[in-house]
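*Asks:* generate a structure from the sequence data that follows.
(one chain, ligands or ions: 1)
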Amino acid sequence: ADVFQSMDDLPEGVNYDFIIAGGGTGGSLVATRLAQNPNWKVLVIEAGISNEDFWETRVPAFWPLLWNTRMDWNFTTVPQTGLNNRAVNYPRAKILGGCSSHNAMIYTRGSKSEWDQYAQLGGNAALKWNTILPLLMKAEKWTRDAQALSDSGHYNPAFHGKTGQLSVQAPYMQHPFNNLLIQASQELHSEFPFNLDWNDGTPIGTAWNQFTIDSMAQRSSAATAFLSHTSDNVHILLNTQVTRVLPTAANSTDFRKVEFGPDATSLKQLTAKKEVIVSGGIFGTPSILLHSGIGDRTELQAAGVPAIIHNPSVGKNLSDQVTVFVFFLPVVRKLNIRAIAMIKPRRSMNGTPHKPVPSRRLSPLNHMSFIRLPANAPPFSQEGFPDPTAGSDAAHVEFTFFQVGAPDPANGVDNSTLQIYLSNVHPTSRGSVTISSSNPFDYPAIDPGILGETADMSILREGFRSLRRYLSAPAFQGVIYGSVVPPANATSDEDLEAFLRSSASSWLHGVGSATMSPHGASWGVVDPDFRVKGTTGLRVVDASVIPRSPSAHTQAPTYGFAELASLMIAAQYH
Ligand SMILES: Cc1cc2nc3c(=O)[nH]c(=O)nc-3n(C[C@H](O)[C@H](O)[C@H](O)COP(=O)(O)OP(=O)(O)OC[C@H]3O[C@@H](n4cnc5c(N)ncnc54)[C@H](O)[C@@H]3O)c2cc1C
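*Replies:* The predicted structure follows:
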């Protein structure tokens with residue numbers, strides 16, 4: 001691709017077939033796929049910088065350091081009623097590759113029943129698991145990790161591609177917790193089974209983690225795996241925000257024109273020959289549509305934006321998983337913490353001197369669990385909440401075994417804890433993205449609606465009890481003691497709810513703010529072919545079209561939707 005740092009550098013007179021607003025996870029993939037046709041010219045307009053200009057993105061262990069930097073939009077939610085009115089930080093990447101350039105790289109596809117439900121909710125049969133799986137496998141390059149540890153028994157090769165571009169692997173560290181956790185899964189098999197591979201469509205159970213990391217121990221993102229391998233029929237314009245999509249003529253609904261610029265005082269317009277594709281992510285995409293006059297008429301009027309297409313669904317239906325960080329007390333001597341491996345990067349990163357950097361992973365822990373609460377769990381049997389999942393292969397909660405904190409004898413403290421993210425992956429609460437001014441450079445109001453529904457609280461609470469059961473397995477006797485955060489004596493519903501409301505946050509896996517629905521449905525933002533309802537020449541391809549949360553982190557599902565969109569768009573012009 002040819003990369004331009006500023007709008008003024010962009011060559012004049014190029015007739016782009018496709019203009020893509022947002023060079024993130026979905027946008028980079030769709031640009032790459034469309035550019036496989038050498039006759040098509042593709043322009044990607046990205047608000048942020050290049051991933052090449054932020055070398056830390058390459059080092060997997062640095063992921064938490066990337067948030068709240070100049071490559072992050074640094075969003076904050078509106079006060080969340082479900083969180084005692086706390087407003088929480090919401091990182092979203094502002095860089096080529098989007099969130100795939102600054103996420104935690106966990107690679108999870110979701111369950112078969114969830115994809116089959118997407119097909120039904122979106123009105124597109126090609127979203128079924130049996131169609132999406134081959135697309136994900138074709139794009140995948142299963143890779144051995146840099147330490148060349150054996151990954152046999154850590155994944156199922158039948159569900160992984162070897163010849164694609166996106167590197168996926170199952171790196172791990174030798175750590176006593178590995179065996180203990182798997183032993184606990186055998187002991188408590190019915191509730192916490194071992195799962196050889198959560199990416200086979202049946203994610204329930206405890207599995208070895210898989211990450212989008214390459215054989216050089218570097219992050220594999222939509223920018224590094226896809227976009228950086230395109231040729232000069234792709235132009236990438238950085239540091240430039242798409243402010244609006246516009247009709248090509250008065251009273252037209254053909255939205256092939258984009259308006260963009262580095263700030264409100266210097267804006268340009270370009271018209272695509274074929275289509276404009278909006279890929280700004282769960283907050284950027286509804287913002288662009290709303291500022292373009294596509295949204296709820298009354299809300300647009302209040303913001304001072306003339307409505308062109310009345311669609312009350314734009315920016316609604318935001319579905320966001322909720323997480324809470326919990327701490328248990330392990331006997332550290334037995335867990336024998338190892339130092340994080342240090343390696344030298346094998347290649348120079350934009351002239352940065354070679355320095356030893358923490359390699360692959362931040363954490364010595366290597367597993368995640370997708371857990372289904374039993375049918376007789378209180379949220380369903382006593383409180384009467386309907387099961388929010390798509391089927392029996394889908395999870396209610398997730399345990400991400402994150403870290404064993406190191407003791408600090410030099411300062412006389414033993415602050416070692418076993419740290420776990422506990423998440424409710426199927427929230428029933430829905431949030432929104434709204435605009436309150438007609439200036440596209442003003443941030444939208446983000447309301448993920450975290451723990452806004454009692455059912456979500458109830459499931460998270462039982463998820464915590466479930467985690468306590470898991471960590472009381474015989475395998476952990478004498479090794480792990482009760483939770484320290486929340487304290488071990490927090491056992492009643494009231495205690496646990498108070499803790500969760502004061503500590504929970506977003507799991508950063510929002511979807512659905514420009515959701516797909518069948519043709520003619522009374523709700524939804526895009527049709528099954530990803531076109532914005534009521535328009536021509538305009539589609540949305542990113543996580544915002546995914547109708548609801550999966551039993552997964554959301555980058556692989558975003559890639560799945562983007563692969564399908566790419567096929568559908570390309571097929572239209574052949
Ligand atoms: C901190 C964090 C950690 C995560 N960890 C994981 C994980 O480990 N595994 C996983 O599967 N998922 C993870 N996720 C979620 C996952 O990365 C996202 O769901 C997915 O990448 C979203 O892809 P997208 O294409 O919808 O949006 P993005 O990748 O966010 O892309 C949107 C792009 O559009 C650009 N943009 C926005 N508005 C405009 C505009 N007006 N003009 C021009 N450009 C614009 C943005 O700068 C961005 O580059 C994580 C997310 C976060 C934030």
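*Asks:* buried ones in stretch 126-145?
*Replies:* 127-129, 131-133, 135-137, 139-143, 145 (16 or more other C-beta atoms under 10 Å). Heads up, the C-betas are built off the backbone N, CA and C, glycines and all.
*Asks:* over to stretch 54-66?
*Replies:* Neighbour counts using 16+ other C-beta under 10 Å place Phe54, Trp55, Glu56, Thr57, Arg58, Val59, Pro60, Ala61, Phe62, Trp63, Leu66 of stretch 54-66 among the buried residues.
*Asks:* okay, how far is it across it, tip to tip?
*Replies:* Distance across stretch 54-66, first residue to last, is 9 Å (C-alpha to C-alpha, to the nearest Å).
*Asks:* related to what we said a few turns ago, out of the buried residues of stretch 54-66, which touch the ligand?
*Replies:* The residues of the buried residues of stretch 54-66 that also fall near the ligand, by C-beta under 6 Å from any ligand atom, amount to none at all.
*Asks:* between which two of those is the distance greatest?
*Replies:* Taking C-beta to C-beta as the measure, the buried residues of stretch 54-66 span a maximum distance of 15.1 Å, between Phe54 and Ala61.
*Asks:* ok, back up a step: from the buried residues of stretch 54-66, which is closest to Leu508?
*Replies:* Closest to Leu508, out of all of these and judged by C-beta to C-beta, is Trp63, at 11.5 Å.
*Asks:* so what's that closest one closest to, chain neighbours aside?
*Replies:* Ala104 (5.3 Å; C-beta to C-beta, 6 or more residues apart in numbering).
*Asks:* what residues does the stretch 151-300 of the chain have near the ligand?
*Replies:* Checking the stretch 151-300 of the chain against the ligand by C-beta under 6 Å from any ligand atom, the hits are Gln241, Val242, Ser279, Gly280, Gly281, Ile282, Gly284, Ile288.
*Asks:* who are the contact partners of the last one?
*Replies:* Counting by C-beta atoms under 8 Å, 6 or more residues apart in numbering, Ile288 makes contact with Ala21, Val242, Thr243, Arg244, Val245, Val278, Gly280, Pro440.
*Asks:* do you know the pLDDT at the closest residue to the ligand within the chain?
*Replies:* Across the chain, no residue is closer to the ligand than Gly24, which sits at 1.7 Å (C-beta to the nearest ligand atom). Note for Gly24: predicted pLDDT of 98.
*Asks:* burial of the closest residue to it other than its chain neighbours, as a residue count?
*Replies:* Residue nearest to Gly24 in three dimensions, not counting chain neighbours: Gly98, with 2.1 Å by C-beta to C-beta, 6+ apart. Per other C-beta atoms under 10 Å, the neighbour tally for Gly98 reads 32.
*Asks:* hey, where'd the strands end up in the stretch 451-574 of the chain?
*Replies:* With DSSP state E, counting those that start in this stretch as the criterion, the stretch 451-574 of the chain has strands at 480-485, 505-506, 538-540.
*Asks:* pick the most buried one from those.
*Replies:* Stretch with highest mean neighbour count among these: strand 538-540 (a mean of 28; mean count of other C-beta atoms under 10 Å).
*Asks:* packing partners of it?
*Replies:* strand 275-278 (3 or more C-beta pairs under 8 Å, 6 or more residues apart in numbering; DSSP states H and E).
*Asks:* neighbouring strands for the strand it packs on, and are they parallel or not?
*Replies:* Strands that pair with strand 275-278, judged by DSSP bridges, come out as strand 18-21 (parallel), strand 538-540 (parallel).
*Asks:* now tabulate those in JSON lines and tack on mean pLDDT and distance to the ligand.
*Replies:* Shown next, in JSON lines, are the strands paired with strand 275-278 (pLDDT from 0 to 100; distance: least, C-beta to the nearest ligand atom, whole Å):
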{"stretch": "strand 18-21", "mean pLDDT": "99", "distance to the ligand": "5"}
{"stretch": "strand 538-540", "mean pLDDT": "98", "distance to the ligand": "10"}
